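**Q** Based on what follows, work out the 3D shape:
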Amino acid sequence: MAAVLYLADSGFDLAAKAWSRALAVTYKPDGSSVTQADLTIEALWREKIRQQFPSHGILGEEYGSETGSSAFTWVLDPIDGTRQFGTRLLNFASLISLCRDGVPVLGNIDLPMPGARYVAAEGKGTMFAGRNVRSSACPDIAEAVISLANPDSFRGASAAGYDNLRSTGRVRVFDGGAAV
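**A** As a prediction, this is how the structure comes out:
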């Protein structure tokens, strides 16, 4: 947990500072956007992981995969919602998780602009602002609050699932930013 929070802290300030400056958004071959902040934060995280955990693998949004010799792999997305980040919207996040044999055991979601952090650990649940959080106990999806991402993000079979969710719930909110 300490290592995840150390990484998260190092990216938190960089993301917030970059967001408040002039940003140059460029595009990857797949059409998704990228900024210098994405690249800088992921490079910093990779360096810190290699120093502290040289046998761990790393899978990152910007620099791809590095196979490690241990059961552990870090999964990194320095700016989830780069399109929103680049247009100065607040709904972006920095994501860090640690998997053991492909199963997540630790995770962190930072929302730098409101200054919010979610942390979860295997067997400990999820914490926000020092308190445990959980999903709604609403037993009926027709009465639930459904939070949906940008429909342009879904194709094929996943689009059909999205459309099914879109037609359910008492309240539907739409957000095209980070997958939080």
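**Q** do you know how far the nearest residue to residue 170 once chain neighbours are set aside is from residue 108?
**A** Nearest non-adjacent residue to residue 170, counting by C-beta to C-beta, 6 or more residues apart in numbering: residue 143, 5.1 Å away. To be clear about C-beta, it is placed using only N, CA and C from the backbone, and glycine gets the same treatment. Separation of residue 143 from residue 108 (C-beta to C-beta, to the nearest Å): 31 Å.
**Q** Dead centre of this structure: give me the residue that sits there.
**A** Centroid check for the chain by C-alpha atoms, centre = their mean gives residue 95 as the closest residue, at 3.3 Å.
**Q** Am I right that that one is in a helix?
**A** No: membership of residue 95 in a helix is not supported by DSSP: H, G, I helix; E, B strand; the rest coil, which gives strand.
**Q** I'd assumed residue 77 was in contact with it.
**A** Yes: with contact defined as C-beta atoms under 8 Å, residue 95 counts as touching residue 77 (4.2 Å).
**Q** domains of this protein?
**A** 2-133, 141-174 (automatic domain parsing).
**Q** and stretch 68-78, how far out from the chain's middle?
**A** Distance of stretch 68-78 from the chain centroid (C-alpha atoms, centre = their mean, to the nearest Å) equals 14 Å.
**Q** Now residue 80. Nearest residue, chain neighbours left out?
**A** Nearest non-adjacent residue to residue 80, counting by C-beta to C-beta, 6+ apart: residue 178, 4.3 Å away.
**Q** Number of residues surrounding the one you found?
**A** For residue 178, the count of nearby residues is 22 (other C-beta atoms under 10 Å).
**Q** Against residue 150, how distant is it?
**A** 11 Å.
**Q** What of residue 141?
**A** Computed as C-beta to C-beta, the residue 141 to residue 150 distance reads 21 Å.
**Q** So for the two, which sits in the more crowded spot?
**A** A count of neighbours by other C-beta under 10 Å puts residue 150 above the other of residue 141 and residue 150, at 14 against 11.
**Q** my guess is that one meets residue 174, correct?
**A** Yes: using C-beta under 8 Å, residue 150 is in contact with residue 174, at 7.5 Å.
**Q** And the helices in the chain?
**A** Ranges of helices in the chain, per DSSP state H, are 2-19, 36-52, 82-86, 156-166.
**Q** Just tell me which of the ones you listed ends up closest to residue 100.
**A** helix 2-19 (13.4 Å; C-beta to C-beta).
**Q** re earlier: residue 143 and residue 108: which has the busier surroundings?
**A** Neighbours were counted for residue 143 and for residue 108 using other C-beta under 10 Å; residue 108 has more, 23 against 12.
**Q** No further queries at this time; thank you.
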